[in-house]
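1. predicted model and sequence follow; I will ask about them next.
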Amino acid sequence: MKLRLSITILLLISLCINLIPCNAQENKGKINQKGHSSDSELSKRKETPEPVIYPDFKNQIGETVRVMFQDSRDTYWFGTHSGTFKLVNDSLIRIRDIKSKTGGGVIVRAIKEDGNGKIWFGHTDGISYLDGDTIINLYESDGLISNDVWDLTPDSKGNIWVGTIKGVSKYDGKNFTHFELPEGEIDTTLGLSSKTMIHNIMEDSKGRIWFSTNAGIFIKDTNSLKSISTKDGLKTNFVGKVIETQKGEFMICASKGLYLYKDSSLTDVSSELIEEPKGTSNIIETLNRDMWFNCGRSIYHISNNKRTEHRISKGNYGPLAYQIYKDRRERVWFVGWGGAFRFEKGSIVNITKDGPW
């Protein structure tokens, strides 16, 4: 029962991912590298129960690490439920100026870098970006469709696509516009869901934008919008994430199964890769074309057509990962409920505030 509850919680977080032109008002603040206490607002927005993997969180990066990112300067960033951090000289520095409209703390769910080297953050009260040493915060009052942001991605044309609980906004550096998508359904099994929920946004190698939603997948080309849904073979329209492989194929994580999309053809590969039908929420491909994905706290590695399940220790499942991440050194990370972990020499190692980095 506890395992089923953990899987449900994971899917809640991982999958619970009009034209409005305006002049975005920039809300600026210098980065303060001094620590500060946790904000009460974060506890009100808490999205998970108490972790069970490591009950002592004194040395963890965070009780819950929602997302991590390594930028082009090799700086690591961590978005947690109790603040945003960057790694400087093997020490974690809190970035306090990523904040809500009222000045409170936020939970960062997405971190990306644009073509100009700006670091973007999507969180529970809008979006923010780092310009030099200055954090600029943007909210609904600046034209964003919703402050409840679940994902964002810069595209190759200089736009920032923002996925929220109320749909999609596109930011061109000056104005927000709303990009309308067909509505889906509310997932009544989850605590947070909407007909317009956007879980993930991805630009592929051809410049097409892929939206993972509660109505399936939508693919935006220059002058067209294509959909992939249950009518095409998905067992559910609740899609959490899509990645493009090095072969130019696409892997699709959904609340029911894992799918391969190749040459406009959809194949359910769940039975080949998973012992029993489950939902999947994260997947990455490494440089040697290995695949890592998870189903709840079950973490799987596919290498040379062989599947291996990895656990923290014998009898102990892997971390409840909200993100599986590959860094620039091809190291595989798992961050989420319980802190940050990394795969090292066949084992899953806990990465604390003190590393090992």
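-> Perfect, thanks for sending it.
2. partners of whatever helix or strand I324 lives in in the sheet?
-> Taking DSSP states H and E as the definition, one finds I324 inside strand 320-326. Applying DSSP bridges, strand 320-326 is found paired with strand 332-337 (antiparallel).
3. hey, where'd the helices end up in this protein?
-> Secondary structure of the chain (DSSP state H): helices at 2-15, 40-44, 270-273.
4. residue contacts, the closest residue to D131 other than its chain neighbours?
-> Of all residues not flanking D131 in the chain, K118 sits nearest, at 5.8 Å (Cβ to Cβ, 6 or more residues apart in numbering). Where you see a C-beta, it was placed from the backbone N, CA and C, and this is true even at glycine. Residues in contact with K118 (Cβ atoms under 8 Å, 6 or more residues apart in numbering) are Y129, L130, D131.
5. number of nearby residues for the second one?
-> As a burial measure, L130 scores 22 neighbours (other Cβ atoms under 10 Å).
6. ditto for the first one
-> Other residues within reach of Y129 by the criterion other Cβ under 10 Å amount to 22.
7. identify the bridge partners of it.
-> On the basis of DSSP bridges, Y129 is bridged to W120, I136.
8. got a list of what it touches?
-> So Y129 contacts D114, K118, I119, W120, F121, I135, I136, L138 (Cβ under 8 Å, 6+ apart).
9. still on that earlier bit, buried residues in the strand holding I324?
-> L320, A321, Y322, Q323, I324, Y325, K326 (16 or more other Cβ atoms under 10 Å).
10. do the same with stretch 193-213
-> 193-203, 208-213.
11. my guess is D172 contacts P154. True?
-> No - taking contacts as Cβ atoms under 8 Å, D172 lies outside contact range of P154: 11.2 Å.
12. out of the two, which sits in the busier spot?
-> More crowded of D172 and P154, by other Cβ under 10 Å: P154, with 20 against 13.
13. what sits against the residue lying closest to that one once chain neighbours are set aside?
-> Among residues not flanking P154 along the chain, D114 sits closest, at 3.7 Å (Cβ to Cβ, 6+ apart). For D114, the contact set (Cβ under 8 Å, 6+ apart) comprises W120, Y129, P154, G158, I160.
14. if you set the cut-off to 7 Å instead, what comes out?
-> W120, P154, I160 (Cβ atoms under 7 Å, 6 or more residues apart in numbering).
15. what sits against the second one?
-> When contacts are counted by Cβ under 7 Å, 6+ apart, P154 touches K112, D114, G115, W120, I160.
16. what do you get if the cut-off is 6 Å, keeping everything else the same?
-> By Cβ atoms under 6 Å, 6 or more residues apart in numbering, the contact list for P154 reads K112, D114, I160.
17. specify the beta-bridge partners of the nearest residue to T308 once chain neighbours are set aside.
-> In space, and not counting its chain neighbours, T308 is closest to H301: 4.8 Å by Cβ to Cβ, 6+ apart. Applying DSSP bridges to H301 gives these bridge partners: W292, T308.
18. count the neighbours of H301 for me.
-> Using other Cβ under 10 Å, H301 has 16 other residues around it.
19. measure it to T286 for me?
-> For H301, the distance to T286 (Cβ to Cβ, to the nearest Å) stands at 9 Å.
20. low-confidence stretches in the stretch 51-200 of the chain?
-> Within the stretch 51-200 of the chain, the set of residues satisfying pLDDT under 70 comprises 51-56.
21. all strands of it, in order?
-> 65-70, 76-80, 83-88, 91-95, 108-113, 119-123, 126-131, 134-138, 149-154, 160-164, 167-171, 176-179, 198-203 (DSSP state E, counting those that start in this stretch).
22. go through those and name the closest to L225.
-> strand 176-179 (9.5 Å; Cβ to Cβ).
23. hey, C-alpha coordinates of the closest one in PDB?
-> Only the C-alpha atoms of strand 176-179 are listed here, as PDB (Å, rounded to 0.1, in the frame of the first residue of the first chain):
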ATOM      1  CA  PHE A 176       3.700  37.300 -23.600                       C
ATOM      2  CA  THR A 177       1.300  35.700 -26.000                       C
ATOM      3  CA  HIS A 178      -1.100  32.800 -25.200                       C
ATOM      4  CA  PHE A 179      -0.700  29.800 -27.500                       C
END
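24. that strand: how far from the chain's middle?
-> 21 Å (Cα atoms, centre = their mean, to the nearest Å).
25. now for it, which elements pack on it?
-> strand 167-171 (3 or more Cβ pairs under 6 Å, 6 or more residues apart in numbering; DSSP states H and E).
26. can you list contacts of the strand it packs on?
-> L144, I145, N159, I160, W161, V162, F176, T177, H178, F179, T196, I198.
27. which positions in stretch 312-319 come out as buried?
-> Within stretch 312-319, the residues scored as buried using 16+ other Cβ under 10 Å are I312, Y317, G318, P319.
28. how about stretch 249-263?
-> F250, M251, I252, C253, A254, S255, K256, G257, L258, Y259, L260, Y261.
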